[in-house]
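Q: Build me a model:
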Amino acid sequence: MKKLEVVFIPSPGVGHLVSTLEFAKLLINRDNRLRVTVLVIKFPNSPAETLSSSDSENLHVINLPETTHVPSTSNVGSSVAALVETQKANVKEAVSNITGKLAAFVVDMFCTTMIDVANDFGVPSLVYFTSGVAFLGLMLHFHTLFEDNIEATRLLFQQDELDIPCFANPVPTNTLPTVVLRKEWESSFINYVRGLKKASGVIVNSFQELESHAVHSFLEDPGLRSFPIYPVGPVLNLETKPEPNGIVDSDDIVNWLDDQPLSSVVYLCFGSKGSFDEDQIREIAYAIEKSEARFLWSLRKPPPKGTMGETSDYSLSDLVAVLPEGFLDRTARTGRVIGWAPQVQVLAHPATGGFVSHCGWNSTLESIYYGVPIATWPLFADQQTNAFQLVSELKMGVEIAVDYRMEYDVGRDYLLASDKIEKGIRSVLETDGEVRKKVKEMSEHCRKTLLEGGSSYTCLGSLIDYIMNHV
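A: Numbering: from 1, shown residues only. Okay, here's the model as predicted:
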């Protein structure tokens, strides 16, 4: 029998690419009637993302030709949307050349304009959503309110907290995503969610045991009941690739962790785009030193001001300049300041006892998978909402901040003082706390849900049935 082809279109950016590829593998490993073609879009003038088709004959990766430069705006969503729009002709051509029977498109949450191309080919389109179910529900909820009455919705934001169906607790307004709160992002937010609503369903990188309230809110809301969601997570890449030119070798980091006591190390890392100015770096350093905790700090150099470039590693001389004088010498016995970190290896290590995190959804899932409690310090995108969810809804995080915000165009909104950071570090390392107990329990669910009989296993089966029934 000829294989059924599913076309995947991930968003440019390594977090989305890696997660998409892992989900593609999950799909073809589950049902060998399916073959996946991944069409890779990359940002103009950026280093090529290297994606291999691995050793599977059912997974094929095509790098689409670069299109002419898209102007970079401070609104990352608009910038990606504009880039993806320019790739429609290339996608059409690549899909036309596929020899198998086309069954469906799976498009990234930022590539919903490609649903038009799926419609041209007469196949269903599903969105792959790399945030959680509660965040998806929040976006759909505010979109509906905006479409009903923009002015009335704007007035809601003057309240301290709001009731949102996908959250069990009232949500503080200052933890809502910037795209909802800032008036200048209004039209791109409305267009973005309108795109999501055009899909035949949404595949979410989460699982029912983690977000049971949010999953049930979809079934209970008459407006959302007809909007199928497939929580099939956690979709994780648990293999760490060595980073070229990193200032510290990942083997060195693991060897250092091997020498530390059980659950004693706090790991500080803020994702591939997370960085701070010198004042904030010093507050973190003072907090680490006062806490006397063992630490592994992934400290990244910011891109040029006002740009959305990638962070990079500091040279040793730059590192000495941005840290308090003598910090590296005084903490040489208790910790390491590194650049890029082999995060999965760090979180999996028994010496790691807590994670000071930006609360990106991938990092959140990895931390839960390995049973490591999080101290929340969000920067942008869905991270403030994720931080609130971890602390107040799931009780699996301790709060350093839930409302801290770092905008590309205006920088951070306030300086987080060292005493607050220190308190978070001490709190996340508590060995017998309720938070640690809860994370350990959820870690077990996290590992079981993808096995036969688990909720994500069942959901993936339903998704495959849906694809098969629409061919």
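
Q: can you give me the end-to-end distance of stretch 413-423?
A: End-to-end distance for stretch 413-423, by Cα to Cα, to the nearest Å: 21 Å.

Q: just stretch 282-298 next, same as before
A: In stretch 282-298, first residue to last residue: 14 Å (Cα to Cα).

Q: ok, which stretches of the stretch 301-450 of the chain are strands?
A: In the stretch 301-450 of the chain, the strands defined using DSSP state E, counting those that start in this stretch lie at 312-313, 335-338, 352-357, 374-376, 397-399, 406-407, 411-412.

Q: Can you list the neighbours in contact with the last one?
A: For strand 411-412, the external contacting residues (Cβ atoms under 8 Å, 6 or more residues apart in numbering) are Phe276, Asp277, Gln280, Lys305, Tyr404, Arg405, Met406. Backbone N, C-alpha and C define where each C-beta goes, glycine included.

Q: And the furthest pair within the residues you listed?
A: In terms of Cβ to Cβ, the contacts of strand 411-412 reach their longest pairwise distance at Lys305 and Tyr404, which sit 18.7 Å apart.

Q: Show me which of the two is the more surrounded one.
A: For Lys305 versus Tyr404, neighbours defined as other Cβ atoms under 10 Å are more numerous around Tyr404 (23 against 9).

Q: Mind picking out the helix or strand in this protein with the poorest mean pLDDT?
A: Ranked by mean pLDDT, DSSP states H and E, the helix or strand of the chain with the weakest confidence is helix 76-85, at a mean of 79.

Q: Quick one: list the elements packing against that helix.
A: Contacts defined by 3 or more Cβ pairs under 8 Å, 6 or more residues apart in numbering; DSSP states H and E place helix 76-85 against helix 186-197.

Q: What is the distance between the helix or strand following the helix it packs on and the centre of its chain?
A: Remark: after helix 186-197, the chain's next helix or strand is strand 201-204, criterion DSSP states H and E. Offset of strand 201-204 from its chain centre (Cα atoms, centre = their mean, to the nearest Å): 15 Å.

Q: Any stretches of this protein with poor pLDDT?
A: Within the chain, the stretches with pLDDT under 70 are 46-55, 69-78, 240-248, 306-308.

Q: Distance of Trp185 relative to Val7?
A: 30 Å (Cβ to Cβ, to the nearest Å).

Q: With neighbour numbers in mind, choose between the two.
A: Using other Cβ under 10 Å, the more surrounded residue of Trp185 and Val7 is Val7, with 26 against 18.

Q: Are we agreed that the more buried one is in a strand?
A: Yes: per DSSP: H, G, I helix; E, B strand; the rest coil, Val7 lies within a strand segment.

Q: partner residues bridging it?
A: With DSSP bridges as the criterion, Val7 is bridged to Thr37, Phe105.

Q: Just to check, it is in contact with Leu39?
A: Yes: using Cβ atoms under 8 Å, Val7 is in contact with Leu39, at 6.5 Å.

Q: Are there residues contacting both of those two? Which ones?
A: Counting by Cβ under 8 Å, 6+ apart, the contacts common to Val7 and Leu39 are Val91, Val95.

Q: For Cys459, which residues are in contact?
A: Gln208, Tyr230, Pro231, Val232.

Q: check which helix or strand covers it.
A: helix 455-469.

Q: What is the burial count for the residue nearest to Leu210 when sequence neighbours are not counted?
A: Spatial nearest neighbour of Leu210, chain neighbours left out: Met442 (6.3 Å); criterion: Cβ to Cβ, 6 or more residues apart in numbering. As a burial measure, Met442 scores 19 neighbours (other Cβ under 10 Å).

Q: give me every residue that touches Met442.
A: Glu209, Leu210, Ile368, Gly371, Leu394, Met396 are the contacts of Met442 under Cβ under 8 Å, 6+ apart.

Q: next one: Asp120
A: By Cβ under 8 Å, 6+ apart, the residues touching Asp120 are Lys92.

Q: Repeat that for Ser367.
A: For Ser367, the contact set (Cβ under 8 Å, 6+ apart) comprises Leu347, Phe355, Ser357, Pro373, Ile374, Val439.

Q: before we move on, what about Pro65?
A: Counting by Cβ under 8 Å, 6+ apart, Pro65 has contacts Asn90.

Q: what about it, distance to Ala341?
A: According to Cβ to Cβ, Pro65 stands 34 Å off from Ala341.

Q: Also Glu186?
A: Between Glu186 and Ala341 the distance is 37 Å, computed by Cβ to Cβ.

Q: from memory Leu379 sits against Ser357, does it?
A: No: Leu379 is beyond contact range of Ser357, at 10.1 Å (criterion: Cβ under 8 Å).

Q: Common neighbours of the two, please.
A: Phe270.

Q: The two: which has the busier surroundings?
A: Neighbour totals were compared for Leu379 and Ser357, and Ser357 leads with 32 against 22 (other Cβ under 10 Å).

Q: And that one, how far from Ser11?
A: 22 Å.

Q: I'd like to know how many residues surround Ala82.
A: Going by other Cβ under 10 Å, the residues that sit close to Ala82 add up to 15.

Q: My error: substitute Arg182 in the last question.
A: Arg182, neighbours per other Cβ under 10 Å, totals 14.

Q: export the contacts of Ser367 to CSV and tack on distance to Thr431?
A: Shown next, in CSV, are those (distance: Cβ to Cβ, whole Å):
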residue, distance to Thr431
Leu347, 17
Phe355, 15
Ser357, 19
Pro373, 10
Ile374, 16
Val439, 12
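
Q: Which one (most neighbours) among those?
A: Most surrounded of these: other Cβ under 10 Å gives Ser357, at 32 neighbours.

Q: isn't that residue right up against Val372?
A: No: in this structure, Ser357 is not within contact of Val372 by Cβ under 8 Å, at 9.3 Å.

Q: got a list of what the residue nearest to the spatial centre of the chain touches?
A: With distances taken as Cα atoms, centre = their mean, the residue of the chain nearest its centroid is Trp361 (3.5 Å). With contact taken as Cβ under 8 Å, 6+ apart, Trp361 is in contact with Thr130, Ser131, Gly132, Phe135, Asn205, Asp382, Asn386.

Q: so who does Arg33 touch?
A: Contacts of Arg33 (Cβ under 8 Å, 6+ apart): Met1, Lys3, Leu4, Met468.

Q: Would you list the phi and psi of it?
A: Dihedral pair for Arg33: phi -80, psi -10, per degrees, to the nearest 10.

Q: Same question for Phe135.
A: Per-residue torsions, Phe135: phi -70, psi -40 (degrees, to the nearest 10).

Q: Check the gap between the nearest residue to it once chain neighbours are set aside and Gln159 for me.
A: In this structure, Phe135 finds its nearest non-sequential neighbour in Asp382, 4.9 Å apart by Cβ to Cβ, 6+ apart. As judged by Cβ to Cβ, Asp382 and Gln159 stand 21 Å apart.

Q: same check, this time on Gly137
A: 19 Å.

Q: who's more crowded, those two?
A: Gly137 (25 against 11).

Q: can I assume the more buried one is in contact with Ser217?
A: Yes: contact criterion Cβ under 8 Å: Gly137 and Ser217 qualify, at 5.8 Å.

Q: Common neighbours of those two, please.
A: Common neighbours of Gly137 and Ser217 (Cβ under 8 Å, 6+ apart) are Pro165, Cys166, Leu224.
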